[in-house]
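J.: Test case, fold it:
(chains A and B)
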Amino acid sequence: MHMADALLSPAVGGGFLAASGGALAYSARRLKEEGDDRKIPLMGVLGAFVFAAQMINFTIPGTGSSGHLGGGMLLAMLLGPFAGLLTMASVLIVQALIFADGGLLALGANIWNMGVYPCFVGWAIYRGLAGKNPGYRRLAAAAVIAVMVAVELGAASVAVETVLSGKSDLPFGQFSALMVGIHLPIALVEGMITIFVVKFIHDIRPEIVQATLGVDPRAFEGGTKSLRPVALGFLAAALVVGGIVAWFASTRPDGLEWSILRVTGTEELRGEDQAGGLKGALSKLQGETALLAGYRLPGTENQEKAGAHEGKDEEGSPGPIHVSGGTSLSGIVGSLIVLLLVSCTALVLVKLRGPRAGSRPPGDAGAAPGSSGGRSSP
Amino acid sequence: MSLVDAGRLDRHAYLDSPLHRMDPRAKVLATLVFIVTVVSFDKYTVSPLLPYLAFPLVLAILGAVPPGLLIRRFAVASPFIVIVGIFNPLLDRTPLLSFGGVIITGGWVSFASILLRGLLCVTAGIVLIATTSVPRIAEALGALRVPRALVVQLLLLYRYLFVLIDEGGRMRRARTLRAEGRKTSIRQAAGMLSSLLLRTIDRSEAVWRAMQARGFEGELRTGRSLRWRPADTLFLLLVTVGCLSLRCTSLTNWIGGWALKG
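T.: This is a model prediction of the structure:
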């Protein structure tokens, strides 16, 4: 989800450069105050590790496509927020330069999206939720929540930057919903792999986990506890949040557009202004340009108008925009996408469980309490 | 992402050409000026952007950058802007131009503009990195008041970048030899990543001890200093004036009008 130069305006690109520059300067100062020389080579090689980690692909269950570790949160967990941000920034600079991911002007936005969110927001959430001496499950839950929040903030932030720049016609509400939706499984996978890595390292070299995470290694004893309840908890939470967003989007289709309109002026939301007036332009825009807006597909508006009742007062009345006839088609498409998402996550869970039976020590199956009993004993 | 291309790009930075010899500060600033100018155009701009293609093209030739590399890197970088941009033709259907009955909507024009911007920015960035090594760019950033900690971090990351990429590659090859054709599950990948991470952490310990032995005190000395020559001033001035004058005038229209008249 690297932001690209081509989608930015100078003001947005420059603004994020300044913001990220400030965060970096602050982090550099704090790092100097910490005065831990040992961290400097560790930061260097961990930055390189993020690139090496991209050589190790894995299949994302249910999709057939492959993914790799993003690493922002892992860096923050191992290095702390300030060193983590500097390391992530150096990774993004090298990606922009040598790998043409993102761009020079987009660097500020990318450091913000993929550095500041995981290292500051994600890290604070992780630390707050994990508390002192967390058990394995609590640590895992805290890490996964932190990763998910950070990834989703970054994804939504891409939508904000794109819409503020005004190069794309995508309306903010739909674009951000799309980005957040797409990144939901990505965030879950990133969270799981981050916590698996922490767990593996703990099993081999507990002192590293202790030193870097400030965790009592005893927390992991008998720590082959199943993560399934944790994963299921997230799935449920994600679906609830998704449902609330969907409900908001369907009942107040203009809410998000209104907010962005107030922020940026009418520039970004060009529509064919026939009905005249802001509201007219808006409802027009809603009908003509929305991608699944209020669950309508572009084009359904016209068929609807032919025999419709509600379409008419939409143009004139200042009341809330009603969701009508076209809902059915886009409702079906929306449901299909939701179904797809759900089955993907289900498959993730199946895959997560699958290899465990064979690869863990025999005591494992008995030791995991509270799992729903579906697991076959080895 | 293609690591082979990345390695080629990196090796290319150590060749020699007039552009390679420029002060890295001049090249970084000129690239930024170029990108900001290109990006500052209105979203429906296509033809006034075309003359800007001359900059990366000329500089690529001066820097002996193979054109295939430019195109391939743009192809690698383009999917995201294509995915975002492709919605413009779907969303913005205002007719803007018409060519003998074929109506071109605003959406297609702005999509073309996005692609063109992408091409310009990506090629400009590649010309920069193909003629300036990462350590030189880091030095330039340091001279341009980027925090020292970030510069040191960039230098260290770069020093171990290809070492660790090779290590990741060896690990992948080892896995392929043992389990060709079988999918890597998330758990298996996590195991591989963990042992890679452990080796990385061990390496950092060794690096730290070696650095201590050599008297490291928070600063990497590169042994080279930046030297700003009159040619660098001239280069930066040329690029800036070129970009701004193209921004303020409409060269493409003039040429078009002149061609129609003549």
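J.: List the buried residues of whichever helix in chain A runs longest.
T.: Looking across chain A with DSSP state H, the single longest helix is helix A:172-204. Buried residues in helix A:172-204, counted by 16 or more other Cβ atoms under 10 Å in any protein chain shown: A:172-181, A:183-202. All C-beta spots, glycine's among them, are computed from the backbone N, C-alpha and C.
J.: which helices and strands does it pack with?
T.: helix A:72-79, helix A:136-165, helix A:206-213, helix A:228-251, helix A:255-264, helix A:327-353, helix B:186-213 (3 or more Cβ pairs under 8 Å, 6 or more residues apart in numbering or on different chains; DSSP states H and E).
J.: does stretch A:104-115 come close to chain B?
T.: Yes - counting by Cβ under 8 Å from any Cβ of the partner chain, chain B has neighbours in stretch A:104-115: A:Leu104, A:Leu105.
J.: how long is that stretch from one end to the other?
T.: 16 Å (Cα to Cα, to the nearest Å).
J.: Okay, now the unreliable bits of the chain?
T.: You didn't say which chain, so I picked chain A. A:61-66, A:209-378 (pLDDT under 70).
J.: think we crossed wires, I meant chain B
T.: B:1-4, B:218, B:222-224, B:262.
J.: how about the helices in it?
T.: Using DSSP H, helices in chain B cover B:3-12, B:18-21, B:24-39, B:54-62, B:67-85, B:87-91, B:106-131, B:134-143, B:148-178, B:186-213, B:230-248, B:251-261.
J.: Can you say which of the ones you listed is packed in most?
T.: Highest mean neighbour count among the helices of chain B (mean count of other Cβ atoms under 10 Å in any protein chain shown): helix B:106-131, with a mean of 24.
J.: Tell me what angle that helix forms with helix B:54-62.
T.: Note on geometry: by axes from the mean of the first three to the mean of the last three Cα atoms, to 10 degrees, helix B:106-131 and helix B:54-62 are set 30 degrees apart in direction.
J.: on contacts alone, who are the packing partners of helix B:106-131?
T.: Partner elements for helix B:106-131 (3+ Cβ pairs under 8 Å, 6+ apart): helix A:81-98, helix B:3-12, helix B:18-21, helix B:24-39, helix B:54-62, helix B:67-85, helix B:87-91, strand B:95-99.
J.: Now chain B against chain A: closest residue?
T.: B:Leu156 (2.7 Å; Cβ to the nearest Cβ).
J.: State the distance from that residue to B:Leu177.
T.: According to Cβ to Cβ, to the nearest Å, B:Leu156 stands 32 Å off from B:Leu177.
J.: next one: B:Lys183
T.: The value you get for B:Lys183 to B:Leu177, if Cβ to Cβ is used, is 16 Å.
J.: same thing with A:Arg30?
T.: 45 Å.
J.: Equivalent analysis for A:His202, please.
T.: 29 Å.
J.: now swap in A:Met77 and tell me
T.: Distance, A:Met77 to B:Leu177, by Cβ to Cβ: 32 Å.
J.: what do you get for A:Val94?
T.: From A:Val94 to B:Leu177 the distance is 29 Å (Cβ to Cβ).
J.: and if you look at B:Lys27?
T.: 43 Å.
J.: B:Ser110 now?
T.: Distance from B:Ser110 to B:Leu177, by Cβ to Cβ: 49 Å.
J.: and the closest residue to chain B within chain A, what does it touch?
T.: For chain A, the residue closest to chain B is A:Gly44, as judged by Cβ to the nearest Cβ, at 2.7 Å. Residues near A:Gly44 by Cβ atoms under 8 Å, 6 or more residues apart in numbering or on different chains: B:Gln153, B:Leu155, B:Leu156, B:Leu157, B:Arg159, B:Tyr160, B:Ser204, B:Val207.
J.: Would you check which pair of the residues you listed lies furthest apart?
T.: B:Leu155 and B:Ser204 (14.7 Å; Cβ to Cβ).
J.: mind checking the SS state of the closest residue to B:Glu217 other than its chain neighbours?
T.: Nearest residue to B:Glu217 in three dimensions, chain neighbours excluded: A:Asp37, at 7.8 Å (Cβ to Cβ, 6 or more residues apart in numbering or on different chains). Following DSSP: H, G, I helix; E, B strand; the rest coil, A:Asp37 is assigned to coil.
J.: next one: phi and psi at A:Asp37?
T.: A:Asp37 adopts backbone torsions of phi -60, psi -30, taken as degrees, to the nearest 10.
J.: For it, list the residues it contacts.
T.: Per Cβ under 8 Å, 6+ apart, neighbours of A:Asp37: B:Trp208, B:Gln212, B:Phe216, B:Glu217, B:Gly218.
J.: Neighbours of the fourth one, how many?
T.: If I follow you right, that is B:Glu217. 7 (other Cβ atoms under 10 Å in any protein chain shown).
J.: gap between it and B:Met211?
T.: Counting by Cβ to Cβ, the gap from B:Glu217 to B:Met211 is 9 Å.
J.: so who does A:Ala159 touch?
T.: With the criterion set at Cβ under 8 Å, 6+ apart, A:Ala159 makes contact with A:Leu170, A:Phe172, A:Phe175, A:Ser176, A:Leu178, A:Met179.
J.: Quick one: classify the closest residue to A:Asp5 other than its chain neighbours as helix, strand or coil.
T.: Leaving aside its sequence neighbours, A:Asp5 sits nearest to A:Gly103 (Cβ to Cβ, 6+ apart; 3.3 Å). Three-state assignment for A:Gly103 (three-state DSSP): coil.
J.: what does A:Pro134 give?
T.: coil.
J.: Correct me if wrong: it contacts A:Ala142.
T.: Yes - between A:Pro134 and A:Ala142 there is a contact under Cβ atoms under 8 Å: 6.6 Å.
J.: residues near A:Trp112, how many?
T.: Look at A:Trp112: counted by other Cβ under 10 Å, it has 22 neighbours.
J.: My error: substitute A:Gly35 in the last question.
T.: Residues within reach of A:Gly35, counting by other Cβ under 10 Å, total 8.
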